[in-house]
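coords please:
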Amino acid sequence: MAATVSQLVDMRCVLGITAASKGQRSDGTIFVNVQLDVASSSSSASQQEDGSAATETVVLELTIPQFYNMLSEFEEAKMALRTADH
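Numbering: from 1, shown residues only. Have a look, this model is predicted:
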């Protein structure tokens, strides 16, 4: 099966912290909410009515270590693309 490659259009990150509740004792856990806007892979939805590329939003909730790992992978991909471009 072939892998699908999408173009990252935008990325937004918001830090959050959990609060205690009666049903859950784990409070103070820090997380990162990441929203990735990627170009739509569907050929039928490749453009919006205004002519701009259609995007799909992917939402992730990551721990701090997971977030740093994702950033590291993005940096590795960026370097690989720069190397391949030269």
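
what about the residue lying closest to residue 18 once chain neighbours are set aside, how many residues nearby?
Distance criterion C-beta to C-beta, 6 or more residues apart in numbering; nearest residue to residue 18, sequence neighbours excluded, is residue 29 at 4.5 Å. (Glycine included, C-beta is placed from N, CA and C.) Neighbours of residue 29 under the rule other C-beta atoms under 10 Å: 12.

where does residue 29 fall, phi/psi-wise?
phi -80, psi 130 (degrees, to the nearest 10).

strands of this structure, residue ranges please.
Ranges of strands within the chain are 8-17, 30-39, 55-63, based on DSSP state E.

still on that earlier bit, so the residue nearest to residue 18 versus residue 81, what's the distance?
According to C-beta to C-beta, to the nearest Å, residue 29 stands 34 Å off from residue 81.

quick one, what contacts residue 81?
Not one residue lies near residue 81 by C-beta atoms under 8 Å, 6 or more residues apart in numbering.

give me the pLDDT for it.
Note for residue 81: predicted pLDDT of 87.

ok so, going back, so which of the strands of the chain comes closest to residue 77?
strand 8-17 (9.5 Å; C-beta to C-beta).

show me what the closest one is packed up against.
strand 30-39 (3 or more C-beta pairs under 8 Å, 6 or more residues apart in numbering; DSSP states H and E).

what's the strand it packs on in contact with?
6-18, 53-64, 66-67, 70.

now the protein, which segments are flagged as low pLDDT?
1-3, 24-26, 41-52 (pLDDT under 70).

any idea what the residue most central in space within the chain is bridged to?
Centroid check for the chain by C-alpha atoms, centre = their mean gives residue 36 as the closest residue, at 3.5 Å. Taking DSSP bridges, one finds residue 11, residue 58 as the beta-bridge partners of residue 36.

show me what contacts the residue of the chain most remote from its centre?
Here the chain reaches farthest from its C-alpha mean at residue 22, the gap being 31.8 Å by C-alpha atoms, centre = their mean. Contacts for residue 22 were tallied using C-beta under 8 Å, 6+ apart; there are none.

what sits against residue 70?
Residue 70 touches 34, 60, 62, counting by C-beta under 8 Å, 6+ apart.
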